[in-house]
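Engineer: what's the 3D shape of this:
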Amino acid sequence: MSDSENSGSESDSSDEENNDDFMLFRDEQEIGRQRILAMFEDDDDEINFDAYCYRFEIYVAKNSVFEGENIGLTTAVVLNLTKGIENMGHILYTDNFYTSPILAYNLKSRGIGIVGTVRKNRKGYPKQLADVKDRDLRRGECKWMMSDGMLALVWKDNRLVHLLSTVHQPDIDVVSRRNKQGVLEDVRCPQLIKDYNSNMGGVDRNDQMCHYSKSAKQYRWYMRLVLKGLLWCIFNAYVIEGHVIDHKPGRGRARDFQQFIDELVHSLVGDNRAIRKKRKRPSVDVEIPDRLLDIGTHFPTTEDVDSTNHTCVVCTKKHHVYSNANGGVSRKDNPCKLTKTIFKCSGCATYLCVKKGSTCFRDFHTKVEYWR
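Structural biologist: Model (predicted):
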């Protein structure tokens, strides 16, 4: 801008005004978290800061919406997120990551105010204010410059603070601060600083309220996005409810966000309860004999005092089946021989063959028709 602008300084003893050049901001080269928080307004025209998430944008490393305007990515992000609220009297509060003269100029042309801390090395920020040293000002003193309704200001508290606003004049108020001895004292403070401190912090509060307990490493990126979006929706509903129901009544416990979530879950679930299905043994056509169950209790055993005149049950069954099937073949010609054994099953008390090449014990406990 080539017009002459007003600049000034403020101290405890005197106020001064002089003319100087305040060049407009032209550049942005940084990028960050692409989300913006909106504010609601009560009926009594007092600002009610709720950390309501108005709109968010996923960071994709390149924003082509404002390509060709040479405004920088962070400025483009803010302008994109503020679409739809132009010329409605909204004021945007930003930190020094986003605030710049070029952003202030673009928002002002869209009818949106901006208040925020600014880095003194931003292009277009007044060099006269950027060069101010800590030793140049005492606590409570400030210097400022204005250009076309934009106020640039540096104020010293414990350290220098640089701010930019398109909705303020260099009005001075008083705040309480503790000195080195710990005693409260009044310190002169621009109204711009007080408004910024009163309205800033929504991003931090929203992050705190919409934080999911598990580590981000436990979720894939798309699940983190879904969960975060769901939490934003729930928190926005909680904020809207606060304009119908007083969350902080004069008496009784305040209605917090966790209580809202609990009631929301119960209202969605209702009387529905999950039915736990009982696992049943699959049915079979043939009833399974008891001897095929709990095979772990069946072991071949012998007794010290026992007769040796015992025939294997399996061999006997095979012998009779073959004999009946072949017209009463003689024992000598029957290939299924009757085998003597001293071993019996500890669970079934049945005598069975336990010798090399014999499968009688296994067949008896694993086959329904063990003679086959």
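
Engineer: Val265 belongs to a helix?
Structural biologist: Yes. Looking at Val265 with DSSP: H, G, I helix; E, B strand; the rest coil, it is inside a helix.

Engineer: if I look at it, how far off is Ile240?
Structural biologist: To Ile240, Val265 is 18 Å away according to Cβ to Cβ, to the nearest Å. Placement of C-beta: from N, CA and C, glycine included.

Engineer: mind checking how far the longest helix along the chain is from the chain centre?
Structural biologist: Secondary structure of the chain per DSSP state H: the longest helix is helix 221-241. In this view, helix 221-241 has its centroid 9 Å away from the chain centroid, taken as Cα atoms, centre = their mean, to the nearest Å.

Engineer: in it, what counts as buried?
Structural biologist: Buried residues in helix 221-241, counted by 16 or more other Cβ atoms under 10 Å: Lys228, Leu231, Trp232, Ile234, Phe235, Asn236, Tyr238, Val239.

Engineer: Hmm, Gln258 and the fourth one touching each other?
Structural biologist: No. Checked against Cβ atoms under 8 Å, the pair Ile234 and Gln258 is beyond contact range at 10.8 Å.

Engineer: can you give me the helices in the stretch 101-250 of the chain?
Structural biologist: 101-109, 127-130, 191-199, 202-209, 221-241 (DSSP state H, counting those that start in this stretch).

Engineer: By mean pLDDT, show me the worst of the ones you listed.
Structural biologist: Between the helices of the stretch 101-250 of the chain, the one with the least mean pLDDT is helix 202-209; it has a mean of 77.

Engineer: Give the other helices and strands that that helix contacts.
Structural biologist: strand 35-41, strand 47-56, helix 221-241 (3 or more Cβ pairs under 8 Å, 6 or more residues apart in numbering; DSSP states H and E).

Engineer: repeat that with 6 Å
Structural biologist: Packed against helix 202-209, as judged by 3 or more Cβ pairs under 6 Å, 6 or more residues apart in numbering; DSSP states H and E, are the following elements: strand 35-41, strand 47-56.

Engineer: in it, what counts as buried?
Structural biologist: Neighbour-count burial for helix 202-209, counted by 16+ other Cβ under 10 Å, picks out Gly202, Val203, Asn206, Met209.

Engineer: Same check on stretch 112-121?
Structural biologist: Using 16+ other Cβ under 10 Å as the test for burial, stretch 112-121 gives Ile112, Gly113, Ile114, Val115, Gly116, Thr117, Val118, Lys120.

Engineer: Equivalent analysis for stretch 338-352, please.
Structural biologist: Buried-residue list, stretch 338-352, by 16+ other Cβ under 10 Å: Thr339, Thr341, Phe343, Lys344, Cys345, Gly347, Thr350, Tyr351, Leu352.

Engineer: Out of the residues you listed, which is nearest to Ala76?
Structural biologist: Gly347 (80.8 Å; Cβ to Cβ).

Engineer: Identify the residue nearest the closest one in space, chain neighbours excluded?
Structural biologist: His298 (4.1 Å; Cβ to Cβ, 6 or more residues apart in numbering).

Engineer: For that neighbour, grab the count of nearby residues.
Structural biologist: A count of neighbours around His298, defined by other Cβ atoms under 10 Å, yields 19.

Engineer: ok so, going back, worst average pLDDT in the helices and strands packed on helix 202-209?
Structural biologist: Taking the mean pLDDT of these, strand 35-41 comes last: a mean of 43.

Engineer: Could you find the closest non-adjacent residue to Cys210?
Structural biologist: Per Cβ to Cβ, 6+ apart, closest to Cys210 is Leu231, 4.0 Å.

Engineer: Check the gap between that neighbour and Val239 for me.
Structural biologist: For Leu231, the distance to Val239 - Cβ to Cβ - is 13 Å.

Engineer: again with Leu103
Structural biologist: 26 Å.

Engineer: Which parts of the protein belong to which domain?
Structural biologist: 5-209, 290-366 (automatic domain parsing).

Engineer: Dump the C-alpha coordinates for the longest helix of the chain into CSV.
Structural biologist: Extracted in CSV, the C-alpha atoms of helix 221-241 (Å, rounded to 0.1, in the frame of the first residue of the first chain):
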residue,chain,number,x,y,z
TRP,A,221,-4.8,-43.7,9.6
TYR,A,222,-8.3,-44.2,8.2
MET,A,223,-9.6,-45.5,11.5
ARG,A,224,-8.0,-42.6,13.4
LEU,A,225,-9.8,-40.2,10.9
VAL,A,226,-13.2,-42.0,11.4
LEU,A,227,-12.9,-42.0,15.2
LYS,A,228,-11.8,-38.3,15.3
GLY,A,229,-14.7,-37.3,13.0
LEU,A,230,-17.1,-39.3,15.2
LEU,A,231,-15.8,-37.5,18.3
TRP,A,232,-16.2,-34.1,16.6
CYS,A,233,-19.8,-34.9,15.7
ILE,A,234,-20.6,-35.9,19.3
PHE,A,235,-18.8,-32.9,20.8
ASN,A,236,-20.6,-30.5,18.4
ALA,A,237,-23.9,-32.0,19.5
TYR,A,238,-22.9,-31.5,23.1
VAL,A,239,-22.1,-27.8,22.4
ILE,A,240,-25.5,-27.3,20.6
GLU,A,241,-27.2,-29.0,23.6
